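Asker: When you get a sec, could you give me coordinates for this:
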Amino acid sequence: MNYRTKLTHSAAEAGSLFCLGIDPILELFPAELRPTGTVLDVSGIDSLVQTALDALEERALRPAAFKPNIGYFSACDRPLQVELSAAQRFSGSMALAKVMHTVRTRMPGVPVILDSKRGDIARSSRNYAVEAFSCWAADAVTVSPWMGDDSVRPFMEAAPEGGVYILARTSNPGAERFQNRPAPQQPLYRHVVQLVRDLSPAYPGTGIVVGATAPAELADVAVALHKAAVPILVPGAGYQGGTAADVMAVLRDARYPMELVRINISSGTLFPWLQDGKAPPDWRRAVQDAVIDAYESTRIAPHRRRPHR
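Answerer: All right, here's what the predicted structure looks like:
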C-alpha cells in the first residue's frame with residue numbers, strides 16, 4: 001500500500017487529522033517515570049505514549065498518524081561511554097524501538113512519520129533513507145531540501161511507496177528570516193512548493209511541511225498545491241503558537257483534500273504541563289484529557305467505531 005493510500009485510509013478510520021508527536025522531554029517527565037540510576041534512561045516516554053493510547057482506546061478512537069522526533073531519542077545515546085551497560089549506552093535508541101513497537105502493536109495501520117529532517121549529498125541521503133525506512137521501518141520521513149533536489153530524490157528512490165515530507169515553511173520563529181525571503185520575486189518557500197509539485201507525479205508520496213504558526217503561508221501552499229493534492233504535514237499547533245482551528249479553517253477555505261493532511265501536536269499532548277514545568281499528581285488524567293482535546297480539535301468526520309480489545 002502506498003503512502004497516500006495509507007493516509008486516506010487512516011484518516012477515514014480516525015475521523016481526524018490528529019498526528020501524535022512523540023518527543024521525550026526528560027525534565028518534564030512525571031517524578032515516577034524519571035530515570036533511576038542514569039539520566040540517559042528515557043523508557044518513561046513509552047509509559048506516556050501508552051497513557052495517551054489508553055485514552056483513545058477507551059473511546060474507540062485512534063490518531064491519524066504518529067511522529068516521533070529522532071533527535072530527542074538519539075541525544076540520550078552514549079555509545080562511547082564503555083563503562084555503562086549496553087542498555088544505558090543506547091537507551092535513546094532502545095526507547096524509540098519500544099515506542100515504535102507500542103504504536104505498531106496497539107494502533108496497526110496508523111502511519112508513523114519519522115521526524116529526522118535529513119538531507120545531504122545523494123550518497124549520504126541514501127544512507128539516511130535506509131535509516132528511516134529500513135532501520136526504523138517508518139512510513140514517512142521529513143527531509144530538508146536546501147541542498148537541492150538531488151539530496152531529496154534518494155529518499156523517494158529508496159522507498160517508492162513511502163512518504164517524504166519536504167520542509168517548506170517551518171513552524172519555528174526563525175523560519176521567516178530565510179524561508180520568506182524573495183528569491184527572486186517570490187518567497188523561497190515557494191520554490192520548494194514547485195519542487196514538490198514537480199516530484200509528485202513520479203513519487204506520489206511526496207509531501208510538504210508547512211507550520212501552523214504561518215497560516216498565511218499555509219493558505220498560499222494549500223491553494224498552490226490544490227490540484228496536485230499532495231500530503232501536508234502541519235507542525236506547530238499548541239505551545240508553538242499555532243492552533244488546530246486556524247489550520248482547519250485554512251484547509252477548508254482552500255478546499256484541500258483533508259485526508260492527506262496531518263496536524264501534529266506534540267508537547268501539548270504528552271506534556272500538557274509544559275508551561276508550569278512540573279507534572280501534576282494526576283498526570284495520567286492530564287495526558288488523557290489533552291490527547292482527547294487534540295483529537296477533537298482536528299476532527300473531520302464521525303469516526304468508525306472500533307471494538308474494544
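Asker: got a list of contacts for stretch 76-93?
Answerer: 24, 26, 38, 40-43, 72-75, 94-95 (CB atoms under 8 Å, 6 or more residues apart in numbering). From N, CA and C alone the C-beta is placed, and that goes for glycine too.
Asker: In TSV, list these along with secondary structure and distance to residue 218.
Answerer: Converted to TSV, the contacts of stretch 76-93 look like this (DSSP: H, G, I helix; E, B strand; the rest coil; distance: CB to CB, whole Å):
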residue	secondary structure	distance to residue 218
24	coil	28
26	helix	31
38	coil	41
40	coil	37
41	coil	38
42	coil	32
43	coil	36
72	helix	25
73	helix	28
74	helix	29
75	coil	29
94	helix	36
95	helix	32
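Asker: now those: which count as buried?
Answerer: 24, 26, 40-42, 72-73, 94-95 (16 or more other CB atoms under 10 Å).
Asker: how about the contacts of stretch 76-93 in JSON lines, adding distance to residue 235 and pLDDT?
Answerer: Converted to JSON lines, the contacts of stretch 76-93 look like this (distance: CB to CB, whole Å; pLDDT from 0 to 100):
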{"residue": "24", "distance to residue 235": "17", "pLDDT": "93"}
{"residue": "26", "distance to residue 235": "21", "pLDDT": "90"}
{"residue": "38", "distance to residue 235": "30", "pLDDT": "65"}
{"residue": "40", "distance to residue 235": "26", "pLDDT": "70"}
{"residue": "41", "distance to residue 235": "27", "pLDDT": "76"}
{"residue": "42", "distance to residue 235": "21", "pLDDT": "81"}
{"residue": "43", "distance to residue 235": "25", "pLDDT": "84"}
{"residue": "72", "distance to residue 235": "14", "pLDDT": "93"}
{"residue": "73", "distance to residue 235": "17", "pLDDT": "95"}
{"residue": "74", "distance to residue 235": "19", "pLDDT": "94"}
{"residue": "75", "distance to residue 235": "19", "pLDDT": "92"}
{"residue": "94", "distance to residue 235": "26", "pLDDT": "95"}
{"residue": "95", "distance to residue 235": "21", "pLDDT": "95"}
